[in-house]
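Novice: How does the following fold in three dimensions:
(chains A and B)
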Amino acid sequence: MAPETELSNLHRADGSATYTHHGYSIIGAVNGPIEVPRRDELPEEATIEVNVRPAAGVGSPKDRQLETLVHNTLRSIILTRSIPRTLVQITLQIRSLPEEAASTGVNPSIAILPHLLHTSLLALLSASIPLSTILTSVLVAIPAAHTQPSTPLLSPTANDLVRAKSIKSVHVFAFSGDKKLLLNESDGVFSYEEWEEACEMAEEACCREKGGVGLAEGMDVDGQSRNLEEWLREVVKEKVAYEQRWKTAT
Amino acid sequence: MATTTTVVLPGDRIPASSLPKPAHKKKPLTLGPGLRHTPPETITSTIAGSLETDHKKNAAWIDFNSGRYLPAAGDLIIATVHTSAGEAFNCLLTPNTATATLPHLSFEGATRKTRPQLPPNSLVYTRVVNAGKHSAPELTCVDPSTGKSEGLGPLKGGMVFAVSLGMARRLLAGRKGGVAVLEVLGGKVGFEITVGRNGVLHVDGGSVKVTLAVGRAVQEVDELALGEKAQRKLAEKVLRSL
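Specialist: As a prediction, this is how the structure comes out:
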């Protein structure tokens, strides 16, 4: 299943997106460029503020860590120098987690990271903040050798992780539109070869091959498989079609 | 749609074949919002939208209708006076952004002795003079060459309505924008509208009833993306209720 999205659904925010995938549901809102508090003002570039709000309770250090990861990744794709002395405020409200999320044995903040990145990107696209490129991200889990299957799991659901029982390591990769690795977070024990295999697998799922077909497992839509970049293009196509519907209306 | 639109994502390189072909060789290519030029000749998009070109003007830009208004030189906007400083008014173009300056002397017929008195929150129809990213936007209410206001100046009475940025552009584009509802309404009732590129629509219909009806009709056309036939129908419905 490709992620389900809804763009610009909050009418008070400059840009917003609701994203649902594999039981994770996140609302993202972007406000910007707006006035920045004096002490955060940067003379040459825009300040980016990321707020991650958990589904229940108040924010913990785990959310702060996620904020830092998302912030550093987004800073490399937002053209901060074209909107200096302003603030781009990104709020990510986690709405629901999959039921099995707590029992997968995988670091929960790593499992949610690709979803947070996608939500923030969609909200930024909706807010028309100038970006230098797009980003796509995916989770790869490597099961322990004695369990079946021993091939890495690409973008596994929480259920898949529970069924795989013991997961040796999990990796999150984020790629830019020009196939550059933007972010890698890994957790667990793994060898360099395993990491490389996971990285290649993620790249194939994230970036569009010229003429090739994405092999993203479990991303079948209407019988044809597609990868994340194509999914993103589809979302933007819908956005443009929605904005230009007045041209064809009678 | 008759013509296929080119949908671009940030970072997409615009191939030379998609750029407009200039009628005159010497005319330089103009890049509008959403496009970035990296020397020597790479042109990439920075926002998601559809690529639009104008062969006559040799211009290319990205059409989008979301996000916050970013001031650009020459735009007509409705600014809200925030405070009055020594020499200029500090005006807000959109909420929560840094203020723009509107000098006291940039009104028609204003001199040091007779400067306009505008209390906070009053509305002014102005033109953006310059919108450099490193300085506060500068506004004016006079045409620099003639010294006349050309319709710009403080707005009195009426009420403002929020419309999308795309709708504001359509209203300013005239016939090309395809907003027929105003013509039909204008045939029966008298009202005055002022459109700001920052997504602000000011309507003065003389009475509250007319002002509200006109403003709400335009908002409805915007939200439901009504076509011409539906707009005429809506206009008739509004006229019956008046």
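
Novice: Now stretch B:168-181: average pLDDT?
Specialist: For stretch B:168-181, mean pLDDT rounds to 88.

Novice: List, one by one, the residues from chain B near chain A.
Specialist: Residues of chain B lying close to chain A (C-beta under 8 Å from any C-beta of the partner chain) are B:1, B:5, B:7, B:9-12, B:34, B:36, B:44, B:46-50, B:63-68, B:70, B:96-98, B:133-134, B:166, B:170, B:178, B:225-230. In this view, the C-beta of every residue, glycine as well, is placed from N, C-alpha and C.

Novice: What's the PyMOL line that selects buried ones from the residues you listed?
Specialist: The following PyMOL line selects those of the residues of chain B next to chain A that are buried, judged by 16 or more other C-beta atoms under 10 Å in any protein chain shown:
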select buried, chain B and resi 5+7+9+10+11+12+34+36+44+46+47+48+49+50+63+64+65+66+67+68+70+97+98+166+170+178+225+226+227+230
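
Novice: Give me the subset of the residues of chain B next to chain A that lies in strands.
Specialist: B:7, B:36, B:44, B:49-50, B:63 (DSSP state E).

Novice: which strands and helices sit next to the lengthiest helix in chain B?
Specialist: The residue-count maximum for a helix in chain B (DSSP state H) belongs to helix B:208-224. Applying 3 or more C-beta pairs under 8 Å, 6 or more residues apart in numbering or on different chains; DSSP states H and E, we find helix B:208-224 packed against strand B:159-162, helix B:165-172, helix B:181-188, strand B:200-204, helix B:228-241.

Novice: give the contact list for residue 188.
Specialist: All of this is about chain A. Listed by C-beta atoms under 8 Å, 6 or more residues apart in numbering or on different chains, the contact set of A:Gly188 reads A:142, A:167-170.

Novice: The chain in question should be chain B.
Specialist: B:239, B:242.

Novice: if we go to 6 Å?
Specialist: The contact partners of B:Lys188, by C-beta atoms under 6 Å, 6 or more residues apart in numbering or on different chains, come to B:Leu239.

Novice: for B:Val124, same thing?
Specialist: Counting by C-beta under 6 Å, 6+ apart, B:Val124 touches B:79, B:154.

Novice: how near is it to B:Gly74?
Specialist: Going from B:Val124 to B:Gly74 by C-beta to C-beta, to the nearest Å gives 17 Å.

Novice: Ok, B:Thr44 next?
Specialist: 24 Å.

Novice: Repeat that for A:Glu35.
Specialist: 24 Å.

Novice: what residues does chain A put near chain B?
Specialist: Contact residues (C-beta under 6 Å from any C-beta of the partner chain) of chain A with chain B: A:8, A:14-15, A:34-35, A:79, A:84, A:125-128, A:130-134, A:177, A:236-237, A:240, A:243, A:245-246, A:248-250.

Novice: Where do the strands of chain A begin and end?
Specialist: A:4-7, A:15-21, A:24-34, A:47-53, A:87-96, A:135-143, A:153-154, A:167-176, A:181-188, A:220-221, A:224-225.

Novice: wait, which of the ones you listed is closest to A:Cys207?
Specialist: A:Cys207 lies closest, by C-beta to C-beta, to one member of the strands of chain A: strand A:167-176, at 5.4 Å.

Novice: strands paired with that closest one, and their directions?
Specialist: Strand pairing for strand A:167-176, determined by DSSP bridges: strand A:135-143 (antiparallel), strand A:181-188 (antiparallel).

Novice: quick revisit: list just the nearest of the ones in strands among the residues of chain B next to chain A to A:Gly23.
Specialist: B:Val7 (29.7 Å).

Novice: residues in contact with the closest one?
Specialist: Contacts of B:Val7 were listed using C-beta under 6 Å, 6+ apart, and they are A:236-237, A:240, B:50.

Novice: could you flag which of the residues you listed are buried?
Specialist: Among these, the ones that count as buried by 16+ other C-beta under 10 Å are A:236, A:240, B:50.

Novice: Relative to B:Thr4, how far out is the last one?
Specialist: It refers to B:Ser50. For B:Ser50 relative to B:Thr4 (C-beta to C-beta), the value is 10 Å.

Novice: again, but for B:Ser135
Specialist: Applying C-beta to C-beta to B:Ser135 and B:Thr4 gives a distance of 40 Å.

Novice: Which one of those two is surrounded by more residues?
Specialist: Taking other C-beta atoms under 10 Å in any protein chain shown, B:Ser135 and B:Thr4 do not tie; B:Ser135 has more neighbours (12 against 7).

Novice: quick one, what contacts that one?
Specialist: Contact analysis of B:Ser135 by C-beta under 6 Å, 6+ apart lists nothing.

Novice: For it, give me phi and psi.
Specialist: phi -140, psi 170 (degrees, to the nearest 10).

Novice: returning to what we had before: comparing the helices and strands packed on helix B:208-224, which comes out most buried?
Specialist: strand B:200-204 (a mean of 22; mean count of other C-beta atoms under 10 Å in any protein chain shown).

Novice: Name every strand pairing with that strand and say which way it goes.
Specialist: Strands adjacent to strand B:200-204 in the sheet, as given by DSSP bridges, are strand B:159-162 (antiparallel), strand B:192-196 (antiparallel).

Novice: May I see those organised as a markdown table, with mean pLDDT added?
Specialist: Output for the strands paired with strand B:200-204, formatted as a markdown table (pLDDT from 0 to 100):
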| stretch | mean pLDDT |
| --- | --- |
| strand B:159-162 | 94 |
| strand B:192-196 | 94 |
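
Novice: My guess is A:Phe190 contacts A:Ser169. True?
Specialist: Yes - using C-beta atoms under 6 Å, A:Phe190 is in contact with A:Ser169, at 4.0 Å.

Novice: between the two, which one's more packed in?
Specialist: Taking neighbours as other C-beta under 10 Å, A:Phe190 and A:Ser169 compare with A:Ser169 leading, 21 against 18.

Novice: hang on, the earlier thing: for the ones in strands among the residues of chain B next to chain A, which one is nearest A:Glu45?
Specialist: So of these, ranked by how close each gets to A:Glu45 (C-beta to C-beta), first place is B:Arg36, at 15.6 Å.

Novice: How about the contacts made by the closest one?
Specialist: By C-beta under 6 Å, 6+ apart, B:Arg36 lies in contact with B:44, B:46.

Novice: got the end-to-end distance for stretch B:25-44?
Specialist: Its start and end residues considered, stretch B:25-44 measures 22 Å (C-alpha to C-alpha, to the nearest Å).

Novice: Just the buried residues of it, please?
Specialist: So for stretch B:25-44, counting by 16+ other C-beta under 10 Å, buried means B:29, B:31, B:34-36, B:43-44.

Novice: if we can go back for a sec, who's more crowded, A:Glu35 and B:Gly74?
Specialist: Using other C-beta under 10 Å as the criterion, A:Glu35 and B:Gly74 rank with A:Glu35 on top: 16 against 11.

Novice: Not counting its neighbours along the chain, what's nearest that one?
Specialist: B:Ala98 (5.1 Å; C-beta to C-beta, 6 or more residues apart in numbering or on different chains).

Novice: Skipping its backbone neighbours, what lies nearest B:Lys156 in space?
Specialist: Per C-beta to C-beta, 6+ apart, closest to B:Lys156 is B:Asp204, 7.8 Å.

Novice: got it, and A:Pro143?
Specialist: The nearest residue in space to A:Pro143 (C-beta to C-beta, 6+ apart) is A:Ala164, at 4.6 Å.

Novice: Next, count neighbours for that neighbour.
Specialist: Neighbours around A:Ala164, by other C-beta under 10 Å: 22.

Novice: What of the one 4 residues further on?
Specialist: Other residues within reach of A:Lys168 by the criterion other C-beta under 10 Å amount to 19.

Novice: Okay, domains of chain B per the record?
Specialist: The record's domain parsing of chain B by automatic domain parsing lists B:3-63, B:76-155, B:159-241.
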